[in-house]
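J.: Next comes the sequence, and after it the predicted model I'd like to discuss.
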Amino acid sequence: MTTGTSAVAGTSASTPRTVVVTGGNRGIGHSIAEEFVAAGHRVAVTARSGEGPAGSLTVRADVTDSASIDAAFTQIESELGPIEVVVANAGITRDMLLMRMGDDDFDAVVDTNLGGAFRVVKRASKGMLKQRFGRILLISSVVGLYGSAGQANYAASKSGLVGFARSITRELGGRGITANVVAPGFIETDMTAELPETQQAEYKKAIPAGRFAQPSEVAKVVLWLAGDDAGYISGAVIPVDGGMGMGH
């Protein structure tokens, strides 16, 4: 584990760490990985396909498969050193109304979004316990607290991350390990850009800030929570939603 106190660009005297971002090949995960790379950290991303940002190590992994996660983390530890920060970001959606939602649609989303976070954090915690240091960041959603018609599976999986983080905090908080949840709202992505302008305007009416967030605005919050200055914050849910959910 790195024990130096040299400043890292973009942070307040934050120690360089070995960071893993799951689902870091696109969207918010890619932006989070970029932010950590720019701040001088050693960054690995896990992905089933695609690549992480320049300067990161991309490793193939499936968060629904414990053996796959173990192999990926073993490779990362071999190449970059003990994992100190893990960002559980990988997730999927299968949106549909409750009466039409099949068991497979519900199970797949929960197994990936919540079960995947469990597998990733369990594997990462082994090294963190030995080092008596760790930062666990779980990427949830405003939907997990606010609810959304047609997203019962997704909302349940993202809400579950809150109880997961708070249980980890009570279990591992005395070992120098923190666990926090970041709950983004609507983010400016290729997917939101494809929505009709009238639909985008309707969504923005529900956001006091009146706009969608940039992926980097989520990434900077994650970076700060992983840093030295956030060592006394654990079990928290940080909304990055322009006031849409206000923490609910």
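T.: It's in. Residues are numbered from 1 along each chain as shown.
J.: Can you point out the buried residues in the longest helix seen in the chain?
T.: Determined from DSSP state H, the single longest helix within the chain is helix 152-172. Buried positions in helix 152-172, judged by neighbour count with 16 or more other CB atoms under 10 Å: 152-162, 164-166, 168-169, 172. Backbone N, C-alpha and C define where each C-beta goes, glycine included.
J.: and the angle from the helix or strand following it to helix 152-172?
T.: Once helix 152-172 ends, the next helix or strand along the chain (criterion: DSSP states H and E) is strand 177-184. With axes from the mean of the first three to the mean of the last three CA atoms, to 10 degrees as the basis, strand 177-184 and helix 152-172 are set at 160 degrees to each other.
J.: Against which helices or strands is strand 177-184 packed?
T.: Judged by 3 or more CB pairs under 8 Å, 6 or more residues apart in numbering; DSSP states H and E, the packing partners of strand 177-184 are helix 116-131, strand 134-139, helix 142-146, helix 152-172, helix 215-226, strand 237-240.
J.: Only alpha carbons, please: show the helix or strand just after that strand as PDB.
T.: Reading on from strand 177-184 to the C-terminus, the next helix or strand found by DSSP H and E is helix 190-193. Output of helix 190-193 as PDB, limited to C-alpha atoms (Å, rounded to 0.1, in the frame of the first residue of the first chain):
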ATOM      1  CA  ASP A 190     -25.600   9.300 -25.800                       C
ATOM      2  CA  MET A 191     -28.800   7.600 -24.500                       C
ATOM      3  CA  THR A 192     -30.400  10.800 -23.100                       C
ATOM      4  CA  ALA A 193     -29.300  12.700 -26.200                       C
END
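J.: List the buried residues of helix 190-193.
T.: Residues of helix 190-193 include none that count as buried (16+ other CB under 10 Å).
J.: Other residues contacting the lowest-mean-pLDDT helix or strand in the chain?
T.: Within the chain, confidence by mean pLDDT, DSSP states H and E is lowest for helix 190-193 among all helices and strands, at a mean of 74. Applying CB atoms under 8 Å, 6 or more residues apart in numbering, the contact partners of helix 190-193 are 186, 200, 212.
J.: Turn the buried ones among those residues into a named PyMOL selection, would you?
T.: Here is the PyMOL selection string for the buried members of the contacts of helix 190-193, based on 16+ other CB under 10 Å:
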select buried, resi 186+200+212
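J.: Who does residue 138 form a beta bridge with?
T.: On the basis of DSSP bridges, residue 138 is bridged to residue 88, residue 181.
J.: Any stretches of the protein with poor pLDDT?
T.: Low-confidence segments of the chain (pLDDT under 70): 1-13, 191.
J.: rerun at 50
T.: Applying pLDDT under 50 to the chain picks out residues 1-12.
J.: Please, which helix or strand holds residue 247?
T.: Using DSSP H and E, no helix or strand contains residue 247.
J.: Count the neighbours of the spatially closest residue to it that is not a sequence neighbour for me.
T.: Closest residue to residue 247 apart from its sequence neighbours, by CB to CB, 6 or more residues apart in numbering: residue 239 at 5.2 Å. Applying other CB atoms under 10 Å, we find 22 residues neighbouring residue 239.
J.: go on, residue 220?
T.: Residues near residue 220, counting by other CB under 10 Å, number 18.
J.: Now for the residue nearest to it when sequence neighbours are not counted, how many residues are close by?
T.: Leaving out its chain neighbours, the residue that sits closest to residue 220 by CB to CB, 6+ apart is residue 35, at 6.2 Å. Counted with other CB under 10 Å, the neighbours of residue 35 add up to 26.
J.: Thanks a lot, see you next time.
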